[in-house]
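Undergrad: any chance you can model this:
(chains A, B and C)
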Amino acid sequence: MNLNIFFQQLINGISLGGVYALMAVGFGIIFNVLKFSNFSHGGVVAICAYLGYFLATRVAGSLWITLLATTLLGGVVGVLVEKLVFRPIRIKGRPLTYFFVNSITVAMLVQQFFSALWGYDYYPYPEFIKKTALHIGRLVVSKTYLMMLFISALVLLGLTLFLRKTKQGIAIRAASSDIWTPSLMGINTDFIISITFFIAGVLAGITGYFLGMTYTVTPFIGSFILKGIIAAIVGGMGSLTGGGIAGVLLGVVESLLIAELGAAVTPIVIYAGIIILLLVRPQGIAGKLYTIKA
Amino acid sequence: MAFYAKVAEVTLLYSIFVMGIYLMTGLTGLFSLGQGAFISLGAYTASITYLRFGFPFPLATLLAVLMGVVGGIIVGLPTLKLRRDYFLLVTFGFSEMVRALLLWTAQLTGGALGVAGMPKLVGLPMIAVSMVIIVFLIGNLKGGRFGRNCIAIRDDELAAQSMGVNVYGHKMKVFVLASVICSYGGALYAFNIMFIEPNLFDWLESAKLIVIVFVGGLNSLSGVFLTSILYYTFGEVFRFASVWRDVILALLVIVIVIFRHRGLFGNWELSLRWLGILPSFHTAPRKGKD
Amino acid sequence: MALLEVDSISKSFGGVAAVKDFSMVQGREEISGIIGPNGAGKTTAFNLITGVQPLDSGRIFFDGTEITSLPSHCITRLGIARTFQNIRLFHNLNVLENLMMAGGTRLSYSTWEEMFRLPRVVSQEKRLEKIARSYLSYFHLEKYSMQRPDSLPYGLQRRLELARALMLEPSLLLLDEPAAGLNPREIHNLIELIYKIKEEKRLSIIIVEHHMELVMNICSKIHVLDFGLKIAEGKPEEIKKNPEVLQAYLGEEV
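TA: Okay, here's the model as predicted:
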């Protein structure tokens, strides 16, 4: 691989990795607070990809307005999913497995619903940014990718500030140490969980929109959550920073591997790598190992 | 008539897969989104060794089963010691890996075009007999020490190990067994449907198998079996509506998990004791609050 | 020879010492207690002895064998059984099956035999069920045998957990706050029950407990922990008079 292609792929990888990072953080923040693997995040991403598509093609032509609207709607969808699907079993004190079953069912529901409704058709987003290429020296950089990278970084930065500086953010981080213990009954658990799902939904909104722009919208777009999940594992389940960094890394590694080995082998190498990583260092890059408490 | 035989074949084939999942997810509480991959592995191993290398069908099936063992060990070894989420997530990755592998090794596997040309060596009798044997074996396991340990691990791993159970070892056994059932079923599938391709059994298919187990009820082998039969028969008879079938299934699952979390059949077990030939799958009947 | 020898074991979580250089010797058919304020490391000590958590340092011997780095289920099979502070029964098994599950180590059939339910399996299962039922009646639980454990009142759940631990035929029994959540009458019954099983099953028992009356009544030796450190050891009368103990524990709570 020559240096040009290397840098090219590096930049593409970073911006794609930004989207993976958003997914890893969206997945991780719910794992942190409620301690279950939330596959419905992929479903919310898919819903947002469709929402973004319809907003962009039917309602408004502006990138920024539709992106913002999708993001906010994503937050609302996230909260709705929590209220309709998870809150009832949380109130009844069901074991965590039931949360997981419901989350995977939501993912299934979304995918099958869109398949049934619109079949396996492809829905391409409109081209918002006309002159898609930016020339830096001999490098050709897609403006869309740059925009995605910029926004992803901004959102993750904003989220970090929110979690560290605001009262609600600190409450979420406190809740992540153990929301199931009675000692936290004093704080408004319902409210904290709603905010968490809203944040995850917002992240899903941006992710869905970006994935829709990068690829096209199909019912299977929710399966991209796998990339976010891999990043979350590599980063260490429960470490948002780790997940974010691992997301970017994954994007870069993936892009470079695709350039070097081709798109067919890349997933095989990556998944095999994950299995080996878990053998050697199960706690991931930055995380702690989640074990069962005595 | 041929149509109904076809429906019965497909229904029973899928029910074989569901039984593997019942053992693993229903009894032991291990969630795998990779069982579809084991079905694929079994189907491909049997087909390719039969078509390309000319192995006889029984040997090809045996190799498919061995593939299930090897795959189960490779995936289980690093993940089953960790919290269950890791197992779940890695099996998800594994299923994608197998799919990518099948697409990549196109020279051997036909890639996206799939494999066709297997003769129809597996008919309804063979599927039905396999099904009965598998239900019998799992029923026996459920009624004895193996099943009690499974349920104990699902309820409370720490307490289970404090009762002298090698939790890691037991989970390995369960996972390999479930994978073998899936890969064996995959081999039957290949020689019944006569066409396979890499996308047939993706994570969604694995998720459906899990969900059927939850609808039937974790503690009810008979209930899960019935649910599976109903679901797949319905799906085959109303093929045109099969996508909406899954939408309805998904909605139903959410309602059941919320309002009737022990599944449609709760702790009920079909008892064959009145026939006087078969033991009941229960060690003892249960009652108590639900 | 002592049954259990704990030789200066330590464990810390994230830099905070939960148990530090803890040693104890437990004889056969002896009842001893570990007491101390909340967070003193009592349950951690149990977790270390039973192999639930790995040690940072130190060694543990049981019945002449070193069990320091053995996995938990092997330690159980050697003869150490325990109960839990927050009762951990298997709620998807009925009361009888909970006992049969714990009796699993008494079965010698293989998984292969079990798959086909060979005669050996059937006869061993029958024998096990009989043993489990005898334990149920020993603990006056026989009429609940078909119920889910979570449908039993709290006091009975504690008793069931005790019965389950005894199904393992241990020579050493670790009880983690057995009196928690019981009323005075039930505690009185518990004390009698512990005496009874100690005598009849020839058990050695270690009790972690908050409830002073219970500990002072039935333990021949008491170890006092405070912030992971053992600050005293001795007979109940000595412990009652020990100024350091009074300072750390009795002074603030009694």
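Undergrad: drop to CA atoms for contacts and neighbour counts, all remaining ones
TA: Will do.
Undergrad: these two touch, right, B:Met172 and B:Ile74?
TA: No: contact between B:Met172 and B:Ile74 fails when scored by CA atoms under 8 Å: they sit 10.4 Å apart.
Undergrad: these two: who's more crowded?
TA: Taking other CA atoms under 10 Å in any protein chain shown, B:Met172 and B:Ile74 do not tie; B:Met172 has more neighbours (19 against 13).
Undergrad: OK, contacts around the more buried one?
TA: By CA atoms under 8 Å, 6 or more residues apart in numbering or on different chains, the contact set of B:Met172 is B:Gly72, B:Ile73, B:Gly76, B:Leu77, B:Leu80.
Undergrad: from the residues you listed, which is closest to chain C?
TA: B:Leu80 (15.5 Å; CA to the nearest CA).
Undergrad: surely the closest one touches B:Lys173?
TA: No: assessed by CA under 8 Å, B:Leu80 is found out of contact with B:Lys173, at 10.8 Å.
Undergrad: pick out whichever of the two has more residues nearby.
TA: Shown here are B:Leu80 and B:Lys173; by other CA under 10 Å, B:Leu80 has more neighbours (22 against 19).
Undergrad: quick revisit: name the member of the contacts of B:Met172 with the most neighbours.
TA: That'd be B:Gly72 among the contacts of B:Met172, by other CA under 10 Å, with 24 neighbours.
Undergrad: that one - that's part of a helix, no?
TA: Yes: checked against DSSP: H, G, I helix; E, B strand; the rest coil, B:Gly72 lies within a helix.
Undergrad: need the pLDDT of it.
TA: pLDDT recorded at B:Gly72 is 94.
Undergrad: check B:Thr45 too.
TA: 96.
Undergrad: in terms of helices and strands, where is it?
TA: Assigned by DSSP states H and E, B:Thr45 belongs to helix B:35-51.
Undergrad: again, but for C:Val224
TA: strand C:221-226.
Undergrad: which residue lies closest in space to B:Leu251, excluding its sequence neighbours?
TA: A:Leu109 (7.2 Å; CA to CA, 6 or more residues apart in numbering or on different chains).
Undergrad: give the contact list for that neighbour.
TA: By CA under 8 Å, 6+ apart, the contact list for A:Leu109 reads B:Asp246, B:Val247, B:Ala250, B:Leu251.
Undergrad: how distant is whichever strand or helix holds the third one from the center of its chain?
TA: Same thing as B:Ala250. Assigned by DSSP H and E, B:Ala250 falls within helix B:242-259. Its chain's average C-alpha position is 19 Å from that of helix B:242-259, according to CA atoms, centre = their mean, to the nearest Å.
Undergrad: helices and strands around that helix, which ones?
TA: Contact partners of helix B:242-259 among helices and strands, from 3 or more CA pairs under 8 Å, 6 or more residues apart in numbering or on different chains; DSSP states H and E: helix A:87-91, helix A:96-118, helix B:203-216, helix B:221-237.
Undergrad: what packs against the last one?
TA: Going back to what we said before, that points to helix B:221-237. Packing partners of helix B:221-237 (3+ CA pairs under 8 Å, 6+ apart): helix B:2-21, helix B:203-216, helix B:242-259.
Undergrad: re the thing from before, after the strand holding C:Val224, which helix or strand is next?
TA: strand C:229-234.
Undergrad: which residues does the helix or strand just after that following strand contact?
TA: Next in sequence after strand C:229-234, counting helices and strands by DSSP H and E, comes helix C:236-241. Identification of contacts with helix C:236-241 by CA under 8 Å, 6+ apart yields C:Met216, C:Cys219, C:Ser220, C:Lys221, C:Ile222, C:Ala232, C:Glu233, C:Val245, C:Leu246.
Undergrad: how does it look with 7 Å?
TA: Taking contacts as CA atoms under 7 Å, 6 or more residues apart in numbering or on different chains, the residues outside helix C:236-241 that touch it are C:Met216, C:Ser220, C:Lys221, C:Ile222, C:Val245.
Undergrad: could you do stretch C:220-227 as well?
TA: By CA under 7 Å, 6+ apart, the list of residues contacting stretch C:220-227 from outside reads C:18, C:31-37, C:39-41, C:230-236, C:248.
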